[in-house]
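Visitor: predicted model, plus sequence, below.
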Protein chains: 4
Amino acid sequence: MKRQSSKQRKRGTILQAASALFSDRDYHLVLMDDVATRARVGKGTLYRYFPTKEALYIATVLDAWERVRVEIEEVFRDESRIGENLETMTRRVLTFFWPRRHFIALLRDSMENPEWRRAHEAVVLLVESELEREGLVGSLPGVDLRMAVELFLGMLRAALLYRDARSRPETLAHLIVKLYLDGIRGLSAGGPDAIAPGAITAGLVAAALEEPVED
Amino acid sequence: MKRQSSKQRKRGTILQAASALFSDRDYHLVLMDDVATRARVGKGTLYRYFPTKEALYIATVLDAWERVRVEIEEVFRDESRIGENLETMTRRVLTFFWPRRHFIALLRDSMENPEWRRAHEAVVLLVESELEREGLVGSLPGVDLRMAVELFLGMLRAALLYRDARSRPETLAHLIVKLYLDGIRGLSAGGPDAIAPGAITAGLVAAALEEPVED
Amino acid sequence: MKRQSSKQRKRGTILQAASALFSDRDYHLVLMDDVATRARVGKGTLYRYFPTKEALYIATVLDAWERVRVEIEEVFRDESRIGENLETMTRRVLTFFWPRRHFIALLRDSMENPEWRRAHEAVVLLVESELEREGLVGSLPGVDLRMAVELFLGMLRAALLYRDARSRPETLAHLIVKLYLDGIRGLSAGGPDAIAPGAITAGLVAAALEEPVED
Amino acid sequence: MKRQSSKQRKRGTILQAASALFSDRDYHLVLMDDVATRARVGKGTLYRYFPTKEALYIATVLDAWERVRVEIEEVFRDESRIGENLETMTRRVLTFFWPRRHFIALLRDSMENPEWRRAHEAVVLLVESELEREGLVGSLPGVDLRMAVELFLGMLRAALLYRDARSRPETLAHLIVKLYLDGIRGLSAGGPDAIAPGAITAGLVAAALEEPVED
DNA sequence: AATGAATGAGTTTTCATTCAT
DNA sequence: TATGAATGAAAACTCATTCAT
């Protein structure tokens, strides 16, 4: 059962090489030659496993999301008390990405490609379900649950991208989760007033709109 | 009101064309020909103002950051009560970027280039000083002020990237600021306990470390 | 009579700037911008005096040959005893080009352009007539006078191109002229035997010819 | 007879194509596309063997010098009587270049590039050693051996560049060598007087010096 | 099945020439 | 008449993809 076919194993090797490269530098700075060299296969072999460079890239990103999903799912499988799961997951994700700093770059443009969107969605849903299970956001007036999760993930990304030498994944995980949960609780306590949009200067909106969007 | 030299005006025209293109698609999918066509100048003219394509790109990103900084600075110039400024700023930034959705892509990898890092830093410092002025984070035990700001910006980015058709900048601004401020206040109230890192499975860390970072 | 029109003066200025540049580096490394800058005129002005870059280059080379011709002619105008004139001329030419080392580069490809060929020819004829007047080569059996002159000029070029720090124009002039005249005298003394071509290995010629000339 | 690796053979093919083109027209008039077409390889292949156009050009010139050196060395390997070798070599070089008239253009600016200078030097040394072996120039008072060789090569170049339809390599070889050797012998017979520089008009030197070198 | 040499379409960049001021 | 900003045709070079071995 565990034995992968030699084919699958080589595919994995290539994917791993591509991951390392794509998360380190921009798509167009990674040459197929580089991938082949790193994976220790001939360049032609790459094309036996992935029809184009883009296909390889897409597979790489999907694979990255999948790893995150698995990482998170594992945590959520065991039942614990509220708040505990979220922090464990956060800690785990941060720890996983800690030595793969640039790996996060692969998770960025997730909306462009339908497959990526789906992979991103899967993670969002997972976190969403957890938040709901913990009774945190379900009843918030006017708050979009999906967006609430995205905000949370946004903080995770920021933490990974802008951490400094003294940062520790555990400390950051605790910080982020506490901040987030307290914030969320504040929202639900705030009542209808909480979502009052606040007056916005008509002029500002007008200005923003009159300037041609596309240029 | 201030008359710009013809030179500055043309530079601006080119920058605007480049912005539109670079925020719509990837660097390598934007041809200098495209920029020239859009800016309605000859290709050679591009090179009179920017020595290379990369220089043009860098200038474009710097310009984007500068616009954001100006946007924010304007708000922070007038004194108001706590929370008000932050929300106004957030609303303003969101509104500014609302019709320039992909523009945010330009602000991403800000750490790669020293100039970008500096531009990013300038914005972070601005927000930081505001948070401090409002007495929000200065006294937080164990919380890195810089990181606190990055987390906030991370939510802003997420909001812009993953907003849906029903999202409104004002609503999101209110949501984010409330969540953030409540969370921050919770942290300062939490005391030393708040930053207890929480036990982390030794195995997890070990696993993360033993796996070659580079793969 | 001496007053040149302002037009002629400016033409001269441009030509001088072009000379300095073209003799220092290859044609395609000299930009019209450089010439304009050096001549302290606008780029457009260049085109009022020379229709194209190539025309400017051609004029530059012609001008260089003309300077050499004038230099030589002056010497040949006054009558002296045999050998004296040739050495004086040689000394003069070497001295003239001494500080203009690369200038000689301008005089190279003289066969390509009909005007250059004519200018080159004029100098050759001048030297030729001098050699003949001195009774040196006129009666040589089987020796092409024209070629005899070219061989002499070939040594001049070599002297200028490959001189070293210790070389002095006067010493070289003396050396070259003495070597040349003694050589020439030897030829005329040698009799018909002197020009027996010497057997050439048939194989060598064959080999040279069978290899496609154009490759 | 010696089987070259396919790699070396293709390199040779490219070099040959480049030679033909570069000796026919100026560097900048030879397009990499032309070279590729003539060598019957794809443009990319050119760059697999030579990193830049300039590198290809440099290699072409080096190759030309190398051919000449080999040509000369072969002659000098067998011992013969004085004067014989020099004429044989000259004949051989002239014969070799006879159908490759423009090829000589490749050997021109040999001082610019250190590698070229070395290649040029190698040929000079070869001839130099032959002259010395024949006891021709070693004892010349005040005559720079190196320069003596350069003068000789200067005549060779002139012969190739300015030959006409009736010229024959054997005749020219005989002429040049006789002229040269008689001249050289005259020098050694001339005694110290021979190198008296001859008075030079102070005014001329002054004029040469005062005129800005750079114009 | 695996390889890596060969390919050429596609890009950036240069610079002689023009022309509005 | 003189200028130099603007232009775009032309040229070097790259790299994903193919295919003979």
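Guide: That came through fine.
Visitor: can you verify my assumption that A:F22 contacts A:A59?
Guide: No - the criterion here is C-beta atoms under 8 Å, and A:F22 misses it with A:A59 at 10.4 Å. Every residue, glycine included, has its C-beta placed from N, CA and C.
Visitor: comparing these two, which residue is more hemmed in?
Guide: Each of A:F22 and A:A59 has its neighbours counted (other C-beta atoms under 10 Å in any protein chain shown); A:F22 has more, 22 against 18.
Visitor: quick check: that one vs A:D34, distance?
Guide: The spacing between A:F22 and A:D34, counted by C-beta to C-beta, to the nearest Å, is 10 Å.
Visitor: same deal with A:I14?
Guide: Relative to A:D34, A:I14 is positioned 12 Å away (C-beta to C-beta).
Visitor: quick one: which of these two has more around it?
Guide: Comparing A:I14 with A:D34 by other C-beta under 10 Å, the one with more neighbours is A:I14, at 24 against 15.
Visitor: which helix or strand contains the more buried one?
Guide: Taking DSSP states H and E as the criterion, A:I14 maps to helix A:6-22.
Visitor: around DNA strand E, which positions in chain A sit nearby?
Guide: Contact residues (C-beta under 7 Å from any atom of the strand) of chain A with DNA strand E: A:K10, A:A36, A:V41, A:G42, A:K43, A:G44, A:T45, A:Y47, A:R48.
Visitor: what helix or strand does the last one sit in?
Guide: Put plainly, it is A:R48. Using DSSP H and E, A:R48 falls within helix A:43-49.
Visitor: list the contacts of that helix.
Guide: Helix A:43-49 is contacted from outside by A:K10, A:R11, A:I14, A:M32, A:D33, A:V35, A:A36, A:A39, A:L56, using C-beta atoms under 8 Å, 6 or more residues apart in numbering or on different chains.
Visitor: next one: the helix holding A:I14 to chain centre, how far?
Guide: Distance of helix A:6-22 from its chain centroid, counting by C-alpha atoms, centre = their mean, to the nearest Å, is 21 Å.
Visitor: I'd like the next helix or strand past it.
Guide: Next helix or strand after helix A:6-22 toward the C-terminus (DSSP H and E): helix A:32-39.
Visitor: angle of that following helix against helix A:6-22?
Guide: 120 degrees (axes from the mean of the first three to the mean of the last three C-alpha atoms, to 10 degrees).
Visitor: show me what helix A:32-39 is packed up against.
Guide: With contacts defined as 3 or more C-beta pairs under 8 Å, 6 or more residues apart in numbering or on different chains; DSSP states H and E, helix A:32-39 has these neighbours: helix A:6-22, helix A:43-49.
Visitor: pick out the shakiest of those, pLDDT-wise.
Guide: Mean pLDDT is lowest for helix A:6-22 among the helices and strands packed on helix A:32-39, at a mean of 92.
Visitor: spell out which residues of chain A are next to chain D.
Guide: Remark: no part of chain A is in contact with chain D, using C-beta under 8 Å from any C-beta of the partner chain.
Visitor: counting neighbours, what do you get for the residue in chain A that chain D sits nearest to?
Guide: Nearest residue of chain A to chain D (C-beta to the nearest C-beta) works out as A:D33 at 12.1 Å. Using other C-beta under 10 Å, the number of residues around A:D33 comes to 10.
Visitor: before we move on, what about A:I58?
Guide: Residues lying near A:I58 (other C-beta under 10 Å) number 16.
Visitor: that one touches A:E112, doesn't it?
Guide: No - in this structure, A:I58 is not within contact of A:E112 by C-beta under 8 Å, at 9.9 Å.
Visitor: and the helix of greatest length in chain A, is it in reach of DNA strand F?
Guide: Secondary structure of chain A per DSSP state H: the longest helix is helix A:53-77. Yes - against DNA strand F, helix A:53-77 shows contacts by C-beta under 7 Å from any atom of the strand at A:K53, A:E54.
Visitor: buried residues in the helix or strand following that helix?
Guide: Scanning forward in sequence from helix A:53-77 by DSSP H and E, the next helix or strand is helix A:84-97. By neighbour count with 16 or more other C-beta atoms under 10 Å in any protein chain shown, helix A:84-97 contains the buried residues A:85-97.
Visitor: next one: stretch A:165-177
Guide: Neighbour-count burial for stretch A:165-177, with 16+ other C-beta under 10 Å as criterion, is recorded at A:S167, A:P169, A:E170, A:T171, A:L172, A:A173, A:H174, A:L175, A:I176, A:V177.
Visitor: in helices, which of the residues you listed appear?
Guide: Of the buried residues of stretch A:165-177, the ones assigned to helices by DSSP H are A:P169, A:E170, A:T171, A:L172, A:A173, A:H174, A:L175, A:I176, A:V177.
Visitor: list the contacts for A:F97?
Guide: Going by C-beta under 8 Å, 6+ apart, A:F97 touches A:F103, A:I104, A:L160.
Visitor: is the second one in contact with A:A159, as I believe?
Guide: No - counting by C-beta under 8 Å, no contact exists between A:I104 and A:A159, whose distance comes to 9.8 Å.
Visitor: ok, these two, which is more surrounded?
Guide: Set A:I104 next to A:A159 and count neighbours by other C-beta under 10 Å: A:A159 wins out with 25 against 19.
Visitor: excluding chain neighbours, give the residue nearest to that one in space.
Guide: Sequence neighbours aside, A:L172 is the residue nearest to A:A159 in space, at 4.8 Å (criterion: C-beta to C-beta, 6 or more residues apart in numbering or on different chains).
Visitor: how near is that neighbour to DNA strand F?
Guide: Applying C-beta to the nearest atom of the strand, to the nearest Å, the value for A:L172 to DNA strand F is 35 Å.
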